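Visitor: sharing a model prediction with you, sequence too.
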Protein chains: 2
Amino acid sequence: MKDYIKHNEWNIIEEGFDPKLNRISESLFSIGNGRMGQRANFEEKYSGDSLQGSYVAGVYYPDKTRVGWWKNGYPEYFAKVINSANWIGIDIVIDGKPLDLATCKVRDFRRVLNMKEGYLLREFVATTSDGKELKVQSQRFCSIVDDQLGAIQYNLSPLNFSGEIKVSPYIDFDVVNEDSNYGEKFWEEMEKSVNGEGGWIVARTNKLDFHVAAGMKCVLKKNDAVVDLSWEAVQKDKYIETYANIYLQEGESLKIEKYASIVSSENHEKLQLSTVCENELIKAVKKGFEVMLREQAAAWALKWEESDIRIDGDVSAQQGIRFNIFQLHQTYTGEDERLNIGPKGFTGEKYGGSTYWDTEAYCLPFYLSTADHHVARNLLLYRYKQLDKAIENASKLGFDNGAALYPMVTMNGEECHNEWEITFEEIHRNGAIAYAIFDYVRYTGDEEYVADYGLEVLIAIARFWSQRVNYSEAKKKYVMLGVTGPNEYENNVNNNWYTNLIASWCMKYALEMARFVKEHNAEKYGRLVQQIHFDEVQESAVWTDIVDNMYYPVDPETGIILQQEGYMDKEQVQVKDLDPKHLPLNQKWSWDRILRSCFIKQADVLQGIYFFEEQFDKETIARNFEFYEARTVHESSLSPCVHSILAAQLGQKEKSYEMYLRTARLDLDDYNNDTEDGCHITSMAGTWLSVVKGFGGMKVTDGQLSFNPFIPDQWDSYSFKIRFRDWLLKINVTQEKVEVENRSETQLTIQLYDKPVVLQPRHTEMVTS
Amino acid sequence: MKDYIKHNEWNIIEEGFDPKLNRISESLFSIGNGRMGQRANFEEKYSGDSLQGSYVAGVYYPDKTRVGWWKNGYPEYFAKVINSANWIGIDIVIDGKPLDLATCKVRDFRRVLNMKEGYLLREFVATTSDGKELKVQSQRFCSIVDDQLGAIQYNLSPLNFSGEIKVSPYIDFDVVNEDSNYGEKFWEEMEKSVNGEGGWIVARTNKLDFHVAAGMKCVLKKNDAVVDLSWEAVQKDKYIETYANIYLQEGESLKIEKYASIVSSENHEKLQLSTVCENELIKAVKKGFEVMLREQAAAWALKWEESDIRIDGDVSAQQGIRFNIFQLHQTYTGEDERLNIGPKGFTGEKYGGSTYWDTEAYCLPFYLSTADHHVARNLLLYRYKQLDKAIENASKLGFDNGAALYPMVTMNGEECHNEWEITFEEIHRNGAIAYAIFDYVRYTGDEEYVADYGLEVLIAIARFWSQRVNYSEAKKKYVMLGVTGPNEYENNVNNNWYTNLIASWCMKYALEMARFVKEHNAEKYGRLVQQIHFDEVQESAVWTDIVDNMYYPVDPETGIILQQEGYMDKEQVQVKDLDPKHLPLNQKWSWDRILRSCFIKQADVLQGIYFFEEQFDKETIARNFEFYEARTVHESSLSPCVHSILAAQLGQKEKSYEMYLRTARLDLDDYNNDTEDGCHITSMAGTWLSVVKGFGGMKVTDGQLSFNPFIPDQWDSYSFKIRFRDWLLKINVTQEKVEVENRSETQLTIQLYDKPVVLQPRHTEMVTS
């Protein structure tokens, strides 16, 4: 837990330079545009501790896997988010001394991430070892308008001396991944060019042969006038630089504008990359830094217009929620259905892979409500396009007949995680992928999607479940043996209630959608049935039998739903009775002790209740919430939001707010001591869920939107905006009233506190809260 | 499965050279003396495929662990059996061409492991690329009389040419371990000396600083007369060589006698190592090869006198059982209580560690019956001396009050295995260590051992179990959650019957032994109670309560003991109904499929029945044997012997013999396709058990020895020798009769087919079988 970020509504601010916090700030002040991203590393040389990170969406490295004992079925590789070319670098040398914040004295250091306009600002005064004072201000962004471009404006001004400054902008592909398993370098140079004020390098990754071109063009301005000077070029393996020496009088200022273009073979022909890169740079220079920055601010204004959450009376909460929304938009824009939302986004390299079940279970609702529907649709298409690989994955594990098991972690659809209890057993992820289709359709009403794509995925998933269960002669029920539920503090359990529930639901929903498509689009249905050899009669009968006879563990004495069979054999202790010195368990306890205990890492039974709330009466929800909340340590960042939402539904405002607080500033306050590795991007969506589905009580049932808002006592008011189908709504909640504004041109009927409210076009309805 | 070893009663014979089989033969023809061991690598250069292996007992390397995801409680290292100096090397160059079986033509190749006299013989004729034929015969052994010495006699004779032969004996510490996780070299040179006909190197291991000196002295004989010539010395890092050029006429012979001494800091002062090494070499040269070889044969004759098993009418079975007995004696002699029986002995480097529960569960009975009692006692003392580390290990996992968890794999008492489901959960190993004390005392009658050492270990183990269970309010019983039983095809199960049974037995036995020592040796008892803070009243009460209220899963319908809770929820299939193409499961099935299936890797419930047979009536044994044998795939080499013994007890002779066959020639026929990694040393003891406890029906009950022999139909007769307390017995079983010979000077009463038989001194009793 740290508290060095200044509270501010629209900005993330660090004042003063503390090298010990540098890696954390590098994560927090990351910039990105969905296509590329960059940690807040310094432009100038920095010999202190730093995690260099520059990432290109979709470009990864299949690192050699490291395991102790190999299990059959493990994948051959682990997909690493690859650290790509350093494009921000501008080395500065003052009369022969390098500008390096690790060796200079530093004052007036300030870093600002301007979320409203989408740029990073940094300023400081550095004093070299011979006493020369230099004032520096740098500003940079990854353009969300031209998403293959980054731009930097780097300002220098000697405060107490006149002298020669050497300026060396460069592009460097000779970079490493800190988490590479065997210390390998992943990039290989293909070609490069450097002359005058810029140049480029095309490099390829080993093994997968991704090609990336990174280029730069630089403009120097002295006292705001362009300086035309002769640059000198330097070339090394995987490195180009162009440097110039400029004499500055005390008080003069030098402005270096560095435009960088990063283009990859994911989007262009390999042989065209250098040309595309050069053209992008020409475009950038032509627009110029100021124009690009204005466009950036305008584009961000549009995003905020549709997705901002405003909180009055609590600056810290305001900053937290905006930071989360900002990072989510920086990570994924939904313009490319091959991309997804990595757990660290573009803010770090840890975990690898880009896609976990986080996407479907947590992130999808955020993008559904805050962006055009094609964005969420592309998240679904990502999985649709990887269906073949999910079928192949299942077949490797011994399943057949087109059964699909989506991977736990992936880049391109192949599994790249190897821990048997997760890879092979945390199969509930398959359920989340089916649920996302349901969630998307219910929210958008896009039923065509089911016929075109959804049903094929649903059938493949249902086939998996129908093979994964077995009939227990002992129980006279279908059972699901050897799984890991969402609560990863249990492994290889039998009959995890959540998994059994969602498996059964998948089969039921697949059958329902099959009937739906057959009825509404017989032709498409017929084509699909043929293509995937769907034996409607036979397979339906099997699935129905399983659905009707699935085993669900329940405690006979209390009626509590059991997380898994045998849960009640554990010693029943509550988190409140734990000596706090034992927390967090994942650092303090041995793994076997964690496994044996009743403590829960993240919502499991409650995740099921959250997903399928309509199936449970309030008493059941309350009883199980009380039971499981008391045993949950929330050592996954994905946990508290679910508890927050359920608490809100149960009217437990304080608990709901407490759970919200655990997620809202997770990274800003470095709650888990791991922000240095990168931000927890996917769990940021959970924070949004806490506000909109928790406090706002938003739901869609049978195509109808409803709200049940409350406001935490600590706030004066809050408001959020959502898109729902063709409507854009703004919901404003104060301690006294709830206002719902229909910003669209057509009328909409919603439920507010369980009563129908007609929202007239361009009108605001108000009720007391 | 291979079949290239010639069947022979006393020798392992390979005829003809097949490079593809070389690694397998290198394992099979290994030699060792309990202090050092050597794979059957060639003396001369060999550029073909080979696993170089030379091992020094007790010297190991803590290799950096490789895991995917770290779990709290994992050890920092994995102890590797370190490949030590190559002391056998003698390079031969004929007129400038190296003798190398990978490049020469080879005929009349023959390798013989003479088990009766304990040496390895190899002969062949090699033709160099320029057509020169050389006949070679080499003979070598690791002396069991002088266990720091090895000796080689290497004979050369040009068949069709006269020419210059360069002979280069060397010592090489610049060796690698193939299974090192990060390709590191483990040895570092300290000092060396080479001159005249020999020299030595002292090297140390990184990290643990073991020092080993390896030295050599060579004698050359031409046509059997010693040649006095000037050797030339060569030195490189970690390498010494001394070479000579000798002109040989066609038909002449050259004999190179190379004596090697390997001494380690485990047994000598580091600074004395080179001196000790030199003195050993002087002793060896003085004795000479022929004398040493005669002593070797005599010493082996003594070992065979006490442990041979003779089988008439089945040469292949005869060879198999002798090979197993021979390898067990080569691996462990029981002279040093710091040593133990590694899974590969001195025949390979795989698995690492030297001690698994195999030692107590399988090997101890072999050494109990075939060697002086101090040998088995030293196996027990090994664990006693490591009790502190077992207590430390348990405390790392969260146990207290002196509870001990012995490691799954160890060299020095520290755990060095990291797979959570094994390291933390396969805790039944603790039970085997307690059981070994019981087994030792019942066999030897050495009750003093309990007071001096055993009780302390038993209490520490009982303390562990009493903390590892928890009281289930749901069951009103004590349960043991999250364990892996002997059947490693199940992980993290609840209430593994075997583990619950042996845990409960440990507590009961600890209490019984505490009472026994208190009664018979109050003083020692009092000292121990104080030293380990044993709260007799309180702890006894807790243990008794657990013993009285332990939960044992049983199928209510059939009365079958359940391997673990929920076992009957699995789809019940039998091995006979499996398509053979699915076998072995560990190669053909994904791990999750194995885990979910009902198939059993190795005896689990049946292991418990085998250990505690007297607790079960014949019907119970038969019912459970039938049930579990049908589901067991025996994919551990430790499994069939237990089934063989139980089948024998149940009178299922054919099944018993079938199970015996699966173990007897496991390595000789490379049954599991992995003999190239080394031989399955510990499971060799299982083969011995099958004969003596299975076919022979040997048991000790209340201090009395009994036999219940039968003979497989395929054999004419078999006999085995055992030591029992002060008696040496020979049991001979034919199709018609059983003879028991008392080879000692005092009378002994045994049970034979459940009837008392008095064995007069030096007499043989006979009954019909």
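Guide: Cool, got the structure. Because the structure is predicted, anything quoted here is derived from the model rather than measured. Numbers count the residues shown, from 1 in each chain, chains lettered A, B, ... in the order given.
Visitor: for chain A, longest helix please?
Guide: Secondary structure assigned by DSSP state H gives helix A:497-520 as the longest helix of chain A.
Visitor: what is the rounded mean pLDDT of that one?
Guide: Mean pLDDT, taken over the full extent of helix A:497-520, equals 98.
Visitor: pull out the buried positions in whatever helix or strand comes next after it.
Guide: Sequence-wise, the next helix or strand beyond helix A:497-520 is helix A:522-531, with elements assigned using DSSP states H and E. Going by neighbour count (16 or more other C-beta atoms under 10 Å in any protein chain shown), the buried part of helix A:522-531 is A:524, A:525, A:528, A:529. Every residue, glycine included, has its C-beta placed from N, CA and C.
Visitor: quick one, the longest helix of chain A and helix A:522-531 angle?
Guide: Comparing the axes of helix A:497-520 and helix A:522-531 via axes from the mean of the first three to the mean of the last three C-alpha atoms, to 10 degrees yields an angle of 120 degrees.
Visitor: in helix A:497-520, what counts as buried?
Guide: By 16+ other C-beta under 10 Å, the buried positions in helix A:497-520 come out as A:497-511, A:513-514, A:516-518.
Visitor: check those against chain B, which are close?
Guide: The subset of those within reach of chain B, by C-beta under 8 Å from any C-beta of the partner chain, is empty.
Visitor: contacts for stretch A:440-457, please.
Guide: For stretch A:440-457, the external contacting residues (C-beta atoms under 8 Å, 6 or more residues apart in numbering or on different chains) are A:364-365, A:368-369, A:373, A:376-377, A:380-381, A:383-384, A:387, A:404, A:433-434, A:437, A:458, A:510, A:513-514, A:516-517, A:520-521, A:524-525, A:528, A:532, A:700, A:703, A:724-725.
Visitor: how about low-confidence regions in the stretch 651-769 of chain A?
Guide: Judged by pLDDT under 70, the stretch 651-769 of chain A has no weakly predicted residues.
Visitor: ok and the residue in it nearest chain B?
Guide: Using C-beta to the nearest C-beta, residue A:674 is the residue of the stretch 651-769 of chain A that sits closest to chain B, at 14.1 Å.
Visitor: one step back: CA atoms of the longest helix of chain A as CSV?
Guide: Taking Å, rounded to 0.1, in the frame of the first residue of the first chain, the C-alpha atoms of helix A:497-520 are listed here in CSV:
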residue,chain,number,x,y,z
TRP,A,497,-20.9,-26.0,-7.8
TYR,A,498,-20.1,-23.1,-10.1
THR,A,499,-18.6,-25.2,-12.7
ASN,A,500,-21.5,-27.7,-12.6
LEU,A,501,-24.0,-24.8,-12.8
ILE,A,502,-22.4,-23.0,-15.7
ALA,A,503,-21.8,-26.3,-17.6
SER,A,504,-25.4,-27.2,-17.2
TRP,A,505,-26.5,-23.7,-18.2
CYS,A,506,-24.3,-23.9,-21.3
MET,A,507,-25.9,-27.0,-22.5
LYS,A,508,-29.4,-25.6,-21.9
TYR,A,509,-28.5,-22.3,-23.6
ALA,A,510,-27.0,-24.1,-26.6
LEU,A,511,-30.2,-26.1,-27.0
GLU,A,512,-32.3,-23.0,-26.7
MET,A,513,-30.3,-21.1,-29.2
ALA,A,514,-30.3,-24.1,-31.6
ARG,A,515,-34.1,-24.1,-31.4
PHE,A,516,-34.1,-20.3,-31.9
VAL,A,517,-31.9,-20.3,-35.0
LYS,A,518,-33.7,-23.3,-36.4
GLU,A,519,-36.9,-21.4,-36.1
HIS,A,520,-35.8,-18.0,-37.2
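Visitor: burial of the residue of the stretch 301-450 of chain A at minimum distance from chain B, as a residue count?
Guide: Per C-beta to the nearest C-beta, residue A:424 is where the stretch 301-450 of chain A lies closest to chain B, at 3.5 Å. Neighbourhood size, residue A:424 [other C-beta atoms under 10 Å in any protein chain shown]: 29.
Visitor: pLDDT at the residue nearest to it when sequence neighbours are not counted, what is it?
Guide: The shortest distance from residue A:424 to any residue other than its chain neighbours is 3.5 Å, reached at residue B:592 (C-beta to C-beta, 6 or more residues apart in numbering or on different chains). The predicted local confidence for residue B:592 comes out at a pLDDT of 95.
Visitor: now residue B:592: which helix or strand?
Guide: Under the criterion of DSSP H and E, residue B:592 resides in helix B:591-596.
Visitor: what's the next secondary structure element after that helix?
Guide: Beyond helix B:591-596 on the C-terminal side, the first helix or strand identified by DSSP H and E is helix B:605-611.
Visitor: averaged pLDDT, that following helix. What do you get?
Guide: If you average the pLDDT over helix B:605-611, you get 98.
Visitor: buried residues in whichever helix or strand comes after that helix?
Guide: With elements assigned by DSSP H and E, the helix or strand that comes after helix B:605-611 is helix B:618-629. Of the residues in helix B:618-629, those with enough neighbours to count as buried (16+ other C-beta under 10 Å) are B:621, B:622, B:623, B:624, B:625, B:627, B:628, B:629.
Visitor: leaving out chain neighbours, which residue sits closest to the last one?
Guide: I take that to be residue B:629. Across the structure, with C-beta to C-beta, 6+ apart as the measure, the residue nearest residue B:629 apart from its sequence neighbours is residue B:643 (5.8 Å).
Visitor: residues contacting the one you found?
Guide: Each residue near residue B:643 by C-beta under 8 Å, 6+ apart is listed here: B:603, B:606, B:625, B:629, B:632, B:634, B:655, B:659.
Visitor: tabulate those (a markdown table), appending distance to residue B:243.
Guide: Below are the contacts of residue B:643 laid out as a markdown table (distance: C-beta to C-beta, whole Å):
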| residue | distance to residue B:243 |
| --- | --- |
| B:603 | 55 |
| B:606 | 59 |
| B:625 | 63 |
| B:629 | 60 |
| B:632 | 57 |
| B:634 | 51 |
| B:655 | 59 |
| B:659 | 53 |
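Visitor: distance check, the residue of the stretch 301-450 of chain A closest to chain B against residue B:564.
Guide: Between residue A:424 and residue B:564 the distance is 19 Å, computed by C-beta to C-beta, to the nearest Å.
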